[in-house]
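Visitor: I'd like to go over a predicted model; first the sequence, then the structure.
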Amino acid sequence: MEQKLCLYICSTYYPEVKSIIDSGNFPDVLIKSYPSNCLISSVNKENFNLLVTESRKDFSKTIVLGGSCGHSNKVSPGNQRALEFYDLNYCMELILSNESINYFIGKKYYLISNGWLANYTQHIKNWGFNSEMAKKFFSESTDKILLLDTGITGDYLPQLIALSEYMGLPYEIFPVGLSYCHRLIETLVLQWRIENERNLMSDQIAEISKKTADFSLVFEQMLRLVDFTDETEIVRQVFILLNILFAPQNISYVPVKDNKNGNVIYFHSDVLSASENKNSSFEIEVLNQDEITGIFKVSSVAFVDYIEKYEPMKEVISRMSGLAIANARKFKIISDNEEQLKKNEHELTILNDTKDKFFSIIAHDLRGPIGAFLGTTRLLVEEYDSLTGDEIKRFTGQMMESSNNLFSLLGNLLEWSTMQRGMTDFRPEQFLLLSKIKKCVELIIDPANRKSINITYNIPDNLMSYTDIHMFDTVIRNLISNAVKFTPMGGEIDISASVSDESSILVQIKDTGIGMPAEMISKLFKLNEDISRRGTEGEPSSGLGLLLCKEFVVKNGGKIWVESEVGIGSSFCFTIPYSGLPR
């Protein structure tokens, strides 16, 4: 029977998988679908078993991919080579990682895909209630419909809009593409192909062993190759066998990939002699499906007669080591794919955290000051004639305060966005620390003056650093602004700097403010933690400035931390490069 793989997929994701199979190199793979009924029950067990049983007659292997709808319908696999169940916690794990799915479910999103939308009317019919009941049902557990857009051909927006109206929920489109699904399908197919080749190799070995008992040593040694997934170790095992059979002076191996020779591997430390006897030397081309994957060269054999005697074994060694080496290379591909999947999941988590942070700032920290600014402006316009000069002065002062807060927040947002996109220039230069810090303080001194906060300096006049000045300015402004926000009227802020070691300077910004509990300290400098709180006079704070501080300090080769006690105050510390004292 021709080696064919059948993939059974839930009908919801059949369009996505079919798109991958049709566009990829999968001539030996066929996909079939079974009907889904995700909300109320699993697939009919009798029909499901019949579908799977019938497919097993025509395919060397059937793999059923499914979530909860298929868990209760498993038929006995019998021959493990013929049937395998690939269990998923959710069917949508075909297109997105389990961690990401749980994240969106935790956000109370109802997750769908393009394939799901293609047959959404049948899903509604399976639910068994009208639109009014659907709105009531889903409003209790769901906040939003999230379309995981796989990018397959078709216009799914009309169906999405219709579903949104039927369920009474807003929708959002989140592009996921097919890369995740493609890697999963490719990995399954690669594993099946490797399994086929392993089975074929095992069958061939068993058949040859029956006919050639005299060469049992060779076959026993070659059988061991099945257990190795590293090409170098496979080559070493073949070296050992060739050394036992022929006792040569030298053995070498040249790997061949894409018709290009790689670096030569030697069994003995001596390089092959140029005056070797050709009559006592031979080569074995390592073949896999008639393609050369490497060449063994055996030189200066001690017993020349053995070359002819073991001639039949050269073909065996060629084919069997070729299969083993090809498998090892494919295992490396699978391993690299798995590593890439993990990397992509990590990057997606960071992107989600970044998006949530932006939305949080825009929805809360930016909206509040803008609302206050608009309210004060409206009051001035409508009540201007009835306001006294002092009142007008007070209101314009509030507007200026709101403008400064907005300007600072927007500046941090812009810096953060630029940093996340990798567009921030890094240009370190040498400068005097004290004068630079004083200039930064002058730009933001007004809030401190209004709260009668005394700022002192404990920094040597000639202390110099080699740091990116723009990043340093941002760090100082944010840390001092924070200290002012959380220090009450009449408090104090001390800015100090000293040489920490021969290569770094320790900068400390210490205040007599309200301090922080240990729980809040543990959340600082983390993107996915909400640490926003009001200052002692109601000043807004998003926590974004501290994230920028960490990014910029680390970029300059330093580290940042905080020491704080509730009711006593806080001390923010960071290190920067030390460039010595000026001459």
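Guide: Looks like it arrived, so ask away.

Visitor: which strand or helix spans the closest residue to Ile455 other than its chain neighbours?
Guide: Nearest-residue entry for Ile455: Ile493, 4.8 Å, with adjacent residues in sequence omitted and distances by Cβ to Cβ, 6 or more residues apart in numbering. (C-beta placed from N, C-alpha, C; glycine too.) Take DSSP states H and E as the rule and Ile493 turns out to sit in strand 492-501.

Visitor: and that strand, what does it pack onto?
Guide: helix 433-443, strand 454-458, helix 469-485, strand 504-511 (3 or more Cβ pairs under 8 Å, 6 or more residues apart in numbering; DSSP states H and E).

Visitor: that one: partners in the sheet, and parallel or antiparallel?
Guide: Strand pairing for strand 492-501, determined by DSSP bridges: strand 454-458 (parallel), strand 504-511 (antiparallel).

Visitor: please identify the deepest-packed of those strands.
Guide: strand 504-511 (a mean of 22; mean count of other Cβ atoms under 10 Å).

Visitor: could you redo the helices and strands packed on strand 492-501 as TSV and give each row distance to Thr377 and mean pLDDT?
Guide: Below are these laid out as TSV (distance: least, Cβ to Cβ, whole Å; pLDDT from 0 to 100):
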stretch	distance to Thr377	mean pLDDT
helix 433-443	25	88
strand 454-458	32	94
helix 469-485	24	87
strand 504-511	33	94
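
Visitor: of all those, which one is nearest Val316?
Guide: strand 504-511 (64.2 Å; Cβ to Cβ).

Visitor: quick one: name whatever helix or strand follows the closest one.
Guide: Immediately after strand 504-511, counting by DSSP H and E, sits helix 518-521.

Visitor: what comes up buried for that next one?
Guide: For helix 518-521, a neighbour-count test (16 or more other Cβ atoms under 10 Å) marks Ile521 as buried.

Visitor: you'd agree the residue nearest to Ile455 is up against Ala448?
Guide: Yes: shown here, Ile493 and Ala448 form a contact pair, counting by Cβ atoms under 8 Å, at 7.3 Å.

Visitor: who has more neighbours, these two?
Guide: Ile493 (22 against 19; other Cβ atoms under 10 Å).

Visitor: just to revisit the earlier point, Leu157 is nearest to which of the strands paired with strand 492-501?
Guide: Here strand 504-511 is closest among the strands paired with strand 492-501 (Cβ to Cβ), at 51.9 Å.

Visitor: sorry, back to before: CSV please, covering the helices and strands packed on strand 492-501 and showing distance to Asn259.
Guide: Formatted as CSV, these follow (distance: least, Cβ to Cβ, whole Å):
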stretch, distance to Asn259
helix 433-443, 60
strand 454-458, 69
helix 469-485, 50
strand 504-511, 53
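
Visitor: return the distance of the nearest residue to Val566 once chain neighbours are set aside relative to Glu563.
Guide: Spatially, and ignoring its direct neighbours in sequence, Val566 is nearest to Gly515 (4.4 Å; Cβ to Cβ, 6+ apart). Separation of Gly515 from Glu563 (Cβ to Cβ, to the nearest Å) stands at 10 Å.

Visitor: got it, and Phe104?
Guide: With Cβ to Cβ as the criterion, Phe104 and Glu563 are 38 Å apart.

Visitor: and these two? Which one has more around it.
Guide: Phe104 (18 against 14).

Visitor: related to what we said a few turns ago, tell me the contacts of the residue nearest to Val566?
Guide: Contacts for Gly515 (Cβ atoms under 8 Å, 6 or more residues apart in numbering) come out as 564-570.

Visitor: looking at those residues, which is nearest Thr229?
Guide: For the contacts of Gly515, the nearest to Thr229 is Ser564 (51.8 Å; Cβ to Cβ).

Visitor: and that closest one, how many neighbours?
Guide: 21.

Visitor: doesn't Ser571 make contact with it?
Guide: Yes: under the criterion of Cβ under 8 Å, Ser564 makes contact with Ser571 at 7.0 Å.

Visitor: coming back round to it: could you check the pLDDT of the residue nearest to Ile455?
Guide: pLDDT, Ile493: 94.

Visitor: equivalent analysis for Ser386, please.
Guide: pLDDT at Ser386 comes out at 78.

Visitor: neighbours around Ser202, how many?
Guide: For Ser202, using other Cβ under 10 Å, the count is 12.

Visitor: quick revisit: shared neighbours, Gly515 and Glu563?
Guide: By Cβ under 8 Å, 6+ apart, the residues touching both Gly515 and Glu563 are Ser570.

Visitor: host element of Val250?
Guide: Rather than Val, residue 250 is Asn. Counting by DSSP H and E, Asn250 is part of strand 248-257.

Visitor: average pLDDT for whichever helix or strand comes after that strand?
Guide: With elements assigned by DSSP H and E, the helix or strand that comes after strand 248-257 is strand 260-261. Averaged across strand 260-261, pLDDT comes to 86.

Visitor: do stretch 308-321 as well
Guide: 77.

Visitor: buried residues, it. List them.
Guide: 310, 313-314, 316-321.

Visitor: apart from its chain neighbours, what residue comes closest to Lys107?
Guide: Nearest one to Lys107, counting by Cβ to Cβ, 6+ apart, is Asp143 at 7.2 Å.

Visitor: what is the neighbour count of that neighbour?
Guide: Number of residues near Asp143 (other Cβ under 10 Å) recorded here: 13.

Visitor: quick one, what contacts it?
Guide: Counting by Cβ under 8 Å, 6+ apart, the residues that Asp143 touches are 107-109, 169.

Visitor: pLDDT at it, what is it?
Guide: Model confidence at Asp143, given as pLDDT, is 92.

Visitor: next one: the helix or strand hosting Phe174 to chain centre, how far?
Guide: Using DSSP H and E, Phe174 falls within strand 171-175. Distance of strand 171-175 from the chain centroid (Cα atoms, centre = their mean, to the nearest Å) equals 20 Å.

Visitor: could you do stretch 150-167 as well?
Guide: 28 Å.

Visitor: before we move on, what about stretch 156-168?
Guide: 31 Å.

Visitor: domain ranges for the chain?
Guide: As given by automatic domain parsing, the domain ranges for the chain are 5-184, 212-386, 421-577.

Visitor: which strands and helices lie in contact with the helix or strand Lys125 falls within?
Guide: Assigned by DSSP H and E, Lys125 belongs to helix 120-127. Under the contact criterion of 3+ Cβ pairs under 8 Å, 6+ apart, helix 120-127 touches helix 157-167.
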